[in-house]
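*Asks:* got a sequence here, can you model it:
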Amino acid sequence: MLALYIHIPFCLQKCRYCDFVSFPVNLENQDCLPLNQGEMSSVARQRGFSVPESYINALCCEIGGYFSGNNGYKYNNNIISTIYVGGGTPSLLSAGQLTRIIASVKKVFVVADDVEFTLEANPETYAKEKFAAYRALGVNRLSLGVQSFRLEYLRYLGRVHSREKAVEALRGAREIFDNVSVDLLNNLPGQTLEQSVADLRTALDFQPRHISCYELTVEHGTPLATEQIAQNELGVEMYLQTKKILEDNGYAQYEISNYAQAGYESKHNLAYWSDESYLGVGLAAHSYDKASGLRWANTRNLQDYLCKIFHRETEPEKAFNKILMGLRKNSGIPVSFLDARQKAAAQKLVSEELLAWQNNNLCATNRGRLVLNQILLEFM
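*Replies:* Down below sits the predicted model:
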């Protein structure tokens with residue numbers, strides 16, 4: 001079984017905290033309102049014509065190349081168990097463009113009947129007809145990037161949508177998709193515990209199957225990194241408060257930032273965190289082959305990619321990556337991931353009640369999750 005990731009590196013506007021490989025689309029001559037008004041016109045939302053056809057052509061060409069196995073990775077013999085279309089803003093895709101991508105995948109791979117098929121979406125692109133078309137094409141899980149329902153934080157983060165658009169998109173998504181995930185950001189500068197709770201409870205009003213609550217991280221090279229940002233001292237309280245509210249409402253934590261109703265954990269992301277093989281296609285997409293212990297990434301140069309020069313850089317998997325990813329899960333990691341020095345460090349952390357043994361796996365405790373970065377330093 002294989003997890004397939006497809007990268008769509010285009011957005012209406014690049015968020016101020018984003019360090020992913022993505023680009024704002026050229027909105028010239030397109031029927032859109034100014035971005036600072038927080039809306040995209042209905043015509044533009046439904047057409048979804050902002051992803052260049054040249055990118056779709058290159059993407060389909062790359063996918064088709066896996067059929068022959070000439071690139072050295074004969075993945076066409078694997079069954080695709082999950083498909084995740086991420087970005088960027090994949091919900092800029094028109095239904096016709098997504099149809100082409102799916103057709104390319106199915107020419108090369110066997111897709112499981114019960115495939116988990118996730119598409120990331122941003123609220124400003126919501127249009128009922130287009131989202132219904134995604135569902136008809138087989139998308140059965142929608143991940144909606146809300147981040148906040150408060151206008152001041154949406155503007156601070158560089159988000160395009162408004163609170164009203166987020167609510168409209170979430171309501172509409174729940175009418176079309178049974179399995180909806182919502183992304184929220186916590187620990188924003190100046191954010192209070194009450195504001196964090198209000199965002200969480202607004203999301204809960206729509207009973208999404210899955211909620212991801214991430215702490216804002218200021219990445220090097222982003223616009224936020226150039227500013228003097230006062231650290232929010234409420235991060236720990238927000239984390240604990242979020243965990244309690246979600247668990248009280250029937251959402252179980254299964255990864256440090258991710259909560260789900262029973263049976264609705266992200267199978268695709270669990271493949272990453274559980275040291276399973278995955279294939280990434282699209283600009284800058286990453287792949288990992290567990291059997292060979294190799295990982296690689298496509299070129300980050302958009303012009304090269306559009307010219308169908310995919311230029312994959314291959315390197316051995318680092319043993320530490322397995323620990324880094326696995327300890328984020330509540331289920332933890334097997335002891336086989338650790339060498340002798342790391343096993344000794346693990347025993348010390350167990351004695352300090354930061355780690356614990358559970359079903360023969362080493363897991364972070366509730367206390368340990370609050371200082372997970374410090375724990376990871378012990379294993380480096």
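
*Asks:* only C-alpha atoms for contact and neighbour calcs from this point on.
*Replies:* Fine.

*Asks:* hmm, who's touching stretch 345-358?
*Replies:* Stretch 345-358 has contacts (CA atoms under 8 Å, 6 or more residues apart in numbering) with 331, 362, 363, 364, 365, 366, 367, 368, 369, 375, 378, 379.

*Asks:* mean confidence score for that stretch?
*Replies:* When pLDDT is averaged over stretch 345-358, the result is 92.

*Asks:* that stretch: how far from the chain's middle?
*Replies:* Counting by CA atoms, centre = their mean, to the nearest Å, stretch 345-358 is centred 30 Å from the centre of its parent chain.

*Asks:* buried stuff in that stretch?
*Replies:* Within stretch 345-358, the residues scored as buried using 16 or more other CA atoms under 10 Å are 346, 349, 350, 354, 355, 356, 357.

*Asks:* stretch 163-182 too?
*Replies:* For stretch 163-182, a neighbour-count test (16+ other CA under 10 Å) marks 163, 165-174, 176-177, 179-182 as buried.

*Asks:* among the buried residues of stretch 345-358, name the ones in helices.
*Replies:* When DSSP state H is applied, those are split such that 346, 349, 350 fall in helices.

*Asks:* the stretch 201-350 of the chain: strands as residue ranges?
*Replies:* In the stretch 201-350 of the chain, strands defined by DSSP state E, counting those that start in this stretch lie at 210-215, 252-255, 258-260, 278-281, 286-289, 294-297, 313-316, 333-334, listed in chain order.

*Asks:* would you format these as JSON lines with mean neighbour count included?
*Replies:* Shown next, in JSON lines, are those (neighbours: other CA atoms under 10 Å):
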{"stretch": "strand 210-215", "mean neighbour count": "21"}
{"stretch": "strand 252-255", "mean neighbour count": "20"}
{"stretch": "strand 258-260", "mean neighbour count": "23"}
{"stretch": "strand 278-281", "mean neighbour count": "22"}
{"stretch": "strand 286-289", "mean neighbour count": "21"}
{"stretch": "strand 294-297", "mean neighbour count": "19"}
{"stretch": "strand 313-316", "mean neighbour count": "12"}
{"stretch": "strand 333-334", "mean neighbour count": "22"}
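
*Asks:* grab the most central residue of this protein for me.
*Replies:* residue 86 (6.5 Å; CA atoms, centre = their mean).

*Asks:* ok, now how distant is the nearest residue to residue 380 once chain neighbours are set aside from residue 375?
*Replies:* By the measure of CA to CA, 6 or more residues apart in numbering, the closest residue to residue 380 outside its immediate chain neighbours is residue 320, 6.7 Å from it. Distance check for residue 320 against residue 375: by CA to CA, to the nearest Å, it reads 12 Å.

*Asks:* what's the answer for residue 293, then?
*Replies:* According to CA to CA, residue 293 and residue 375 sit 25 Å apart.

*Asks:* which one of those two has more residues nearby?
*Replies:* Residue environment comparison for residue 293 versus residue 375 gives the larger neighbour count to residue 375, 20 against 13, counting by other CA atoms under 10 Å.

*Asks:* would you mind confirming that that one is in contact with residue 365?
*Replies:* No: if you go by CA atoms under 8 Å, residue 375 and residue 365 don't touch, sitting 11.0 Å apart.

*Asks:* and residue 96, what pLDDT?
*Replies:* Listed pLDDT for residue 96 reads 94.

*Asks:* distance between whichever strand or helix holds it and the chain's centre?
*Replies:* Here residue 96, judged by DSSP states H and E, is contained in helix 95-108. Its chain's C-alpha centre and that of helix 95-108 lie 21 Å apart, by CA atoms, centre = their mean.

*Asks:* quick one: strands adjacent to whichever helix or strand comes after it?
*Replies:* Towards the C-terminus, the helix or strand next in line after helix 95-108, according to DSSP H and E, is strand 110-121. Sheet partners assigned to strand 110-121 using DSSP bridges are listed as strand 79-87 (parallel), strand 141-147 (parallel).

*Asks:* could you give the mean pLDDT of whichever helix or strand comes after strand 110-121?
*Replies:* Stepping forward along the backbone from strand 110-121, the first helix or strand reached (DSSP H and E) is helix 128-136. pLDDT averaged over helix 128-136 equals 97, rounded to a whole number.

*Asks:* who are the packing partners of helix 128-136?
*Replies:* On a contact count with 3 or more CA pairs under 8 Å, 6 or more residues apart in numbering; DSSP states H and E, helix 128-136 meets helix 42-47, helix 95-108, helix 163-176.

*Asks:* in JSON lines: those helices, plus distance to residue 61.
*Replies:* Conversion of the helices and strands packed on helix 128-136 to JSON lines gives the following (distance: least, CA to CA, whole Å):
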{"stretch": "helix 42-47", "distance to residue 61": "23"}
{"stretch": "helix 95-108", "distance to residue 61": "8"}
{"stretch": "helix 163-176", "distance to residue 61": "31"}
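
*Asks:* tell me which of these lies nearest to residue 283.
*Replies:* Each of the helices and strands packed on helix 128-136 was scored for nearness to residue 283 using CA to CA, and the closest is helix 95-108 (14.3 Å).

*Asks:* angle of the closest one against strand 110-121?
*Replies:* What separates the directions of helix 95-108 and strand 110-121 is an angle of 150 degrees, with axes from the mean of the first three to the mean of the last three CA atoms, to 10 degrees.
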